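Participant: Sequence and predicted structure, then a few things I'm wondering about:
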Amino acid sequence: MKNIEEALKLYQDEVATASWAFYAWKNIRSIGSNDRAVRQGLNRNAATWNVIAHSLQMTFLITIGRLFDLNVGAFSVHALLRFCIRNIEQFYTQHTRERKSTDQMGVELDWLAEYIKHVYEAKDEDF
């Protein structure tokens, strides 16, 4: 990984996985407890739904574990912060301008100048 966008994408994917697993599990439970017809359907196929619920719970817990893993080799929030510290120049205003321009085929957009005026330039102590 060479830029902050790649690092954020990796981390964002992990957060998304944890989120969908948690909310899918929560919604299955909620719908089943609030709707008698759904509850009956779940009960008719209890073993299947237990496996699905267990899979969603395990996916959530494993993903949360990865997000906060202290192992240096893991890509966790700690690794993301280390990456940001090592590559702090990617948070500088000029780099932000270049990144935003590049995203739009290298053409500077009308809103970009105003946007850049309000960009916060990160410092070491921010991390």
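Facilitator: Now that the structure is in, tell me what you want to look at.
Participant: Point out the other helices and strands that the longest helix seen in the chain packs with.
Facilitator: In the chain, assigned by DSSP state H, the helix with the most residues is helix 4-34. Using 3 or more C-beta pairs under 8 Å, 6 or more residues apart in numbering; DSSP states H and E, the elements in contact with helix 4-34 are helix 36-44, helix 46-67, helix 77-86. Glycine gets a C-beta too; all of them are placed from N, C-alpha and C.
Participant: Rebuild the ones you listed as TSV, extending it with mean neighbour count.
Facilitator: Shown next, in TSV, are those (neighbours: other C-beta atoms under 10 Å):
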stretch	mean neighbour count
helix 36-44	12
helix 46-67	14
helix 77-86	15
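Participant: Give me the neighbour count for N45.
Facilitator: The tally of other residues near N45 (other C-beta atoms under 10 Å) stands at 11.
Participant: how close does it sit to S30?
Facilitator: Plainly put, N45 is 18 Å away from S30 if you go by C-beta to C-beta, to the nearest Å.
Participant: Now do the longest helix of the chain, average pLDDT.
Facilitator: Helix 4-34 comes out with an average pLDDT of 93.
Participant: Going by neighbour count, list what's buried in it.
Facilitator: Residues I4, A7, Y11, E14, T17, A18, A21, F22, A24, W25, I28, G32 are the ones in helix 4-34 that count as buried (16 or more other C-beta atoms under 10 Å).
Participant: picking that back up, relative to D124, which of the helices and strands packed on helix 4-34 is closest?
Facilitator: helix 77-86 (7.1 Å; C-beta to C-beta).
Participant: chain center to the closest one, what's the gap?
Facilitator: Distance, stretch centre to chain centre, for helix 77-86: 15 Å (C-alpha atoms, centre = their mean, to the nearest Å).
Participant: Check stretch 87-95 too.
Facilitator: For stretch 87-95, the distance to the chain centre is 21 Å (C-alpha atoms, centre = their mean).
Participant: what about dumping the CA coordinates of that stretch to CSV?
Facilitator: Taking C-alpha atoms only, stretch 87-95 is exported to CSV below (Å, rounded to 0.1, in the frame of the first residue of the first chain):
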residue,chain,number,x,y,z
ASN,A,87,3.0,9.2,5.4
ILE,A,88,1.9,12.5,7.0
GLU,A,89,2.9,14.4,3.9
GLN,A,90,-0.2,12.9,2.2
PHE,A,91,-2.3,15.1,4.5
TYR,A,92,-0.6,18.3,3.4
THR,A,93,-2.7,20.8,1.5
GLN,A,94,-0.8,20.5,-1.8
HIS,A,95,-1.1,16.7,-1.8
